[in-house]
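Peer 1: Below: sequence and its predicted model.
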Amino acid sequence: MSGSVYSRTLRRAAELIGGRRQLARYLHVPMAELERWIADEGTPPTGIFLKTVDYIIEETQPAPRDPDSQA
């Protein structure tokens with residue numbers, strides 16, 4: 001399941017957020033437009049793409065380490 005960095009990023013964000021409909025709502029974009037980008041039939045605006053990347057980063061950061069724990 002390859003594709004452009006845009007479509008792969010949007011697919012991953014949709015997985016993390018609970019589906020494409022939820023992602024479209026989060027990004028404030030029409031569902032049809034999101035589906036188009038995921039299908040590599042265009043690219044999202046830079047702001048939308050960066051918001052998606054930010055979401056993925058926030059959702060996949062490891063939990064903060066306890067400074068008192070021994071690693």
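Peer 2: Received the coordinates, thanks. Keep in mind that this is a model prediction, so the values were computed, not measured.

Peer 1: Asp68 and Gln61, how far apart?
Peer 2: Here Asp68 is placed at a distance of 20 Å from Gln61 (CB to CB, to the nearest Å). The C-beta positions use only the backbone N, C-alpha and C, and glycine is treated the same way.

Peer 1: If we go by neighbour counts, what in stretch 28-35 is buried?
Peer 2: Using 16 or more other CB atoms under 10 Å as the test for burial, stretch 28-35 gives 29, 33-34.

Peer 1: mean confidence for that stretch?
Peer 2: For stretch 28-35, the mean pLDDT works out to 98.

Peer 1: what about Gly3, how many residues close to it?
Peer 2: 13 (other CB atoms under 10 Å).

Peer 1: Return the residues in contact with it.
Peer 2: Going by CB atoms under 8 Å, 6 or more residues apart in numbering, Gly3 touches 11, 38, 40.

Peer 1: which ones are touching the residue nearest to the spatial centre of the chain?
Peer 2: For the chain, the residue nearest the mean C-alpha position is Ala13 (2.6 Å; CA atoms, centre = their mean). If a contact means CB under 8 Å, 6+ apart, then Ala13 has 23, 52, 55-56 as its contacts.

Peer 1: Name the secondary structure element that contains the nearest residue to it once chain neighbours are set aside.
Peer 2: Distances taken as CB to CB, 6 or more residues apart in numbering put Thr52 closest to Ala13, at 4.8 Å, once the chain neighbours are dropped. Element membership of Thr52 [criterion: DSSP states H and E] is helix 46-60.
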